[in-house]
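Q: Okay, sequence plus prediction incoming.
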Amino acid sequence: MNKAWSAAADGIAREHGEKVELVRGVEACLAAFPSLDAVIANRVEASSYEAARSLKAVFVPFVGVNHLPADLLIDRGVAVFNCHGNAESVAQHALSLALAGFGRLIEFHNDLRAETWHGFWVDKGSEDFWHSIFRKRCAILGAGAIGRKLARLLKAFDCTVIGYRRRPGEPAPEHFDEVTGDLKAAVVGADIVFVTLPLTDATRGLVGAAELEAMRGAFLVNVGRGDVVDERALYEALRDGVLAGAGIDVWYVYPPKGSVTGAPSRYPIHTLPNVVMSPHVAGSTYEAVDLNIAQTVENLDRWLRTGDAEHRVDLRASY
């Protein structure tokens, strides 16, 4: 157990005293799994959950819950809670990908590293201009924790922010100008389209060729999950100029365990000049880890006091 988790566990022990028996360490927790009432768990084999007949609550110290045996937990009435401590970092990374694409930062950086100059210093004209994102129209697919943080950031650039979510009828969150349940209506006319959606049965392939055509000329940023956007349709839209470009952090193919090399898609997306890329690290910040720990322990404390907590997951919807 690292120092941050150890300190958090010490706080729970002090607060609840003899009313709570804490089990610490991976091996000790796995051994005790059948008798646990609640667990803070990363990725654990399904067999451990099958043996956990006393389990009442699972606290996931990050956002994704696709690794859990959902049907089993639903059948047993086990409550699952996640946390969104990485929302700020992922939103910042999404904005960074858009700024890099609009600002041609990768191109300029690589060329200057090779001692090739751009701009008026070498008598270049508008062919070396870049675009500002000020006052651009932005669509955010997903109005959850990441989408809301991102909308707030975009307002610093006076952007118009249109959100998309499948659950209609709720008021638009702060910093959104409008929220709609019509995907095509959200993306038509957008200069930048951000994907922040989780991968579920309902979102897999949600953005296909027709939706990419509807956002013709836009710059697409995906920090949700790769398979929310159809892989072949994305490649063809980038190759053929349907999209102006893309900033991508989430992918379709990942290296096998033990390897650090491999193409991120079955199509040569990574070779296209209008793509800015990162290797699924948008939420990988020290700050996100600290916030995830704080939120998870606060949620556990609340559950111990009241029997309920924040960010309860709908396992049938996978978020």
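A: Everything's here; your move.
Q: Let me see the contact set for the residue positioned nearest the centre of the chain.
A: Taking CA atoms, centre = their mean, the centroid of the chain lies closest to residue 224, which sits 4.2 Å from it. Applying CB atoms under 8 Å, 6 or more residues apart in numbering, we find residue 224 in contact with 141, 142, 146, 195, 196, 197, 198, 199, 203, 250. To be clear about C-beta, it is placed using only N, CA and C from the backbone, and glycine gets the same treatment.
Q: can you map out the strands along the stretch 51-200 of the chain?
A: 57-59, 79-81, 137-141, 160-164, 178-180, 192-195 (DSSP state E, counting those that start in this stretch).
Q: For this protein, which segments are assigned as helices?
A: In the chain, the segments counted as helices under DSSP state H are 3-16, 26-32, 46-51, 70-76, 87-103, 105-113, 145-155, 183-187, 209-214, 231-239, 286-306.
Q: ok, back up a step: how much space separates the residue nearest to the centre of the chain from residue 209?
A: Residue 224 sits 18 Å away from residue 209, going by CB to CB, to the nearest Å.
Q: Then residue 113?
A: 36 Å.
Q: which of the two has more neighbours?
A: Set residue 113 next to residue 209 and count neighbours by other CB atoms under 10 Å: residue 209 wins out with 14 against 8.
Q: tell me the domain ranges of this protein?
A: What automatic domain parsing lists as the domains of the chain is 3-85+286-306, 87-277.
Q: Please identify the deepest-packed of the ones you listed.
A: Mean neighbour count, computed with mean count of other CB atoms under 10 Å, is highest for domain 87-277 among the domains of the chain, reaching a mean of 18.
Q: Now do it: distance to the chain's middle.
A: Centroid separation for domain 87-277 versus its chain: 13 Å, with CA atoms, centre = their mean, to the nearest Å.
Q: Residue 89 is in contact with residue 285, correct?
A: Yes - Residue 285 is within contact range of residue 89, at 4.3 Å (criterion: CB atoms under 8 Å).
Q: who touches the nearest residue to residue 198 once chain neighbours are set aside in this structure?
A: Using CB to CB, 6 or more residues apart in numbering and skipping residues adjacent in sequence, the residue nearest residue 198 is residue 319, 4.6 Å away. Under the criterion of CB under 8 Å, 6+ apart, the neighbours of residue 319 are 63, 65, 144, 198, 200, 313.
Q: Can you tell me the closest non-neighbouring residue to the fifth one?
A: This points to residue 200. Distances taken as CB to CB, 6+ apart place residue 318 nearest to residue 200, at 4.2 Å, with adjacent residues excluded.
Q: Now residue 131: phi and psi?
A: phi -110, psi 140 (degrees, to the nearest 10).
Q: How much space separates it from residue 280?
A: Per CB to CB, residue 131 is found 26 Å from residue 280.
Q: next one: residue 137
A: In terms of CB to CB, residue 137 sits 27 Å off from residue 280.
Q: do the same with residue 19
A: As for residue 19, its distance to residue 280 is 40 Å (criterion: CB to CB).
Q: Also residue 37?
A: Using CB to CB, residue 37 is found at 34 Å from residue 280.
Q: Distance-wise, check the nearest residue to residue 118 once chain neighbours are set aside relative to residue 46.
A: Among residues not flanking residue 118 along the chain, residue 128 sits closest, at 4.3 Å (CB to CB, 6+ apart). Residue 128 sits at a distance of 55 Å from residue 46 (criterion: CB to CB).
Q: Also residue 16?
A: Relative to residue 46, and taking CB to CB, residue 16 is found at 29 Å.
Q: Equivalent analysis for residue 272, please.
A: Residue 272 is 39 Å from residue 46, by CB to CB.
Q: Could I get the pLDDT score of the residue lying farthest from the centre of the chain?
A: Residue farthest from the centre of the chain, counting by CA atoms, centre = their mean, is residue 123 at 42.0 Å. You'll see residue 123 listed with a pLDDT of 96.
Q: ok, now which ones touch it?
A: By CB under 8 Å, 6+ apart, residue 123 has no neighbours at all.
Q: cool, and residue 164?
A: Going by CB under 8 Å, 6+ apart, residue 164 touches 139, 140, 141, 142, 143, 179, 180, 181, 182, 183, 186, 187.
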